[in-house]
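Undergrad: Curious how this folds, go ahead:
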Amino acid sequence: MTPIRIAITKGRLLDSSVAMFKRMGIECEALEKPGRRLILPLDGGRIEAVLAKGEDVVTYVDHGVCDMGIVGKDTLEEHPCGVFEVLDLGFGKCRMAVAGRPDSGFFSSGGERTAATKYDSIARAYFKQKGMDVRLIHISGSVELAPLLGLSDVIVDIVETGDTLRANGLEVLEEVCPLSARLIINPAAMKLRKSELDALTAKMEANLK
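TA: Presented below is the predicted three-dimensional model:
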């Protein structure tokens, strides 16, 4: 039988994914010690785990080379595609927020304002929904630098503890949306392997924390 192939986001979501698999009774020793391997057998070869960056997880599932994927909601919102989002896995919780100096007056001032972000699509949709004229500046690294250097009025970024913001004299001005890890499935795989994927999804849901 062909193994179910599931793409998993490397980094902060991987450890929680492993913990979930263990609660499900899935043998995942290879995933705990992957070394340099990127495709790993789980559960006696019945599942193949593919380790990838978040946006690549979406791409692999969208193109059908992986049946399922575990990815952050921020990545799904930033890179919309034709996958099915079937389950909120409940881990990797954080929030997307607008942050800046407490006295920035960003939401009360008129005219054009600027926001620095890695998440252009999310920020654009958010400010459009609020009817605000905001010029976006794309930043790839530490977005907190942008308001400190006078490049932008605020930032739109993921906030977990808020420690980095506070250390740099910034604070959350408004929450954009809550975020967490999500299970996604390829639409064709959902039809061709429905019973297998439904069973695995149900098992995940039963073992959420």
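
Undergrad: rest of the way, CA atoms for contacts and neighbours
TA: OK.

Undergrad: Residue 53 contacts residue 12, correct?
TA: No - the criterion here is Cα atoms under 8 Å, and residue 53 misses it with residue 12 at 10.9 Å.

Undergrad: if you count what's nearby, which of the two comes out ahead?
TA: residue 53 (15 against 11; other Cα atoms under 10 Å).

Undergrad: Please list all residues in contact with that one.
TA: Neighbour list for residue 53: 9-10 [criterion: Cα atoms under 8 Å, 6 or more residues apart in numbering].

Undergrad: give me phi/psi at residue 28?
TA: phi -140, psi 40 (degrees, to the nearest 10).

Undergrad: How confident was the prediction at the closest residue to it other than its chain neighbours?
TA: Leaving aside its chain neighbours, residue 28 sits nearest to residue 42 (5.1 Å; criterion: Cα to Cα, 6 or more residues apart in numbering). Note on residue 42: pLDDT of 93.

Undergrad: now do residue 108
TA: With respect to pLDDT, residue 108 has a value of 87.

Undergrad: Same question for residue 35.
TA: What the model reports for residue 35 is a pLDDT of 85.

Undergrad: what's the answer for residue 14, then?
TA: pLDDT, read off for residue 14, is 94.

Undergrad: what's the answer for the one 3 residues further on, then?
TA: Residue 17 is assigned a pLDDT of 95 by the prediction.

Undergrad: which SSE is it in?
TA: Using DSSP states H and E, residue 17 falls within helix 14-23.

Undergrad: And for whichever helix or strand comes after that helix, what's in contact with it?
TA: Remark: after helix 14-23, the chain's next helix or strand is helix 29-32, criterion DSSP H and E. Outside helix 29-32, the residues that touch it by Cα under 8 Å, 6+ apart are 18, 40-42, 49.

Undergrad: tell me which helix or strand of this structure sits lowest on mean pLDDT?
TA: helix 29-32 (a mean of 88; mean pLDDT, DSSP states H and E).

Undergrad: Distance of residue 144 relative to residue 77?
TA: 21 Å (Cα to Cα, to the nearest Å).

Undergrad: Tell me which of those two has more neighbours.
TA: residue 144 (23 against 14).

Undergrad: quick one: the more buried one and residue 167 touch, right?
TA: No - Residue 144 is beyond contact range of residue 167, at 10.1 Å (criterion: Cα under 8 Å).

Undergrad: on that earlier part again, give me the beta-bridge partners of the residue nearest to residue 28?
TA: residue 47 (DSSP bridges).

Undergrad: Tell me where the longest strand sits in the chain.
TA: strand 171-179 (DSSP state E).

Undergrad: Give the next helix or strand downstream of that strand.
TA: Counting by DSSP H and E, what follows strand 171-179 is strand 181-185.

Undergrad: Partner strands of that following strand, with direction?
TA: When pairing is defined by DSSP bridges, strand 181-185 lines up against strand 68-72 (antiparallel), strand 84-88 (antiparallel).

Undergrad: ok, the residue nearest the centre of the chain - contacts?
TA: Nearest to the geometric centre of the chain sits residue 72, at 1.8 Å (Cα atoms, centre = their mean). Residue 72 sits next to 13, 54, 92, 179-182 when contact means Cα under 8 Å, 6+ apart.

Undergrad: Cheers, nothing more for now.
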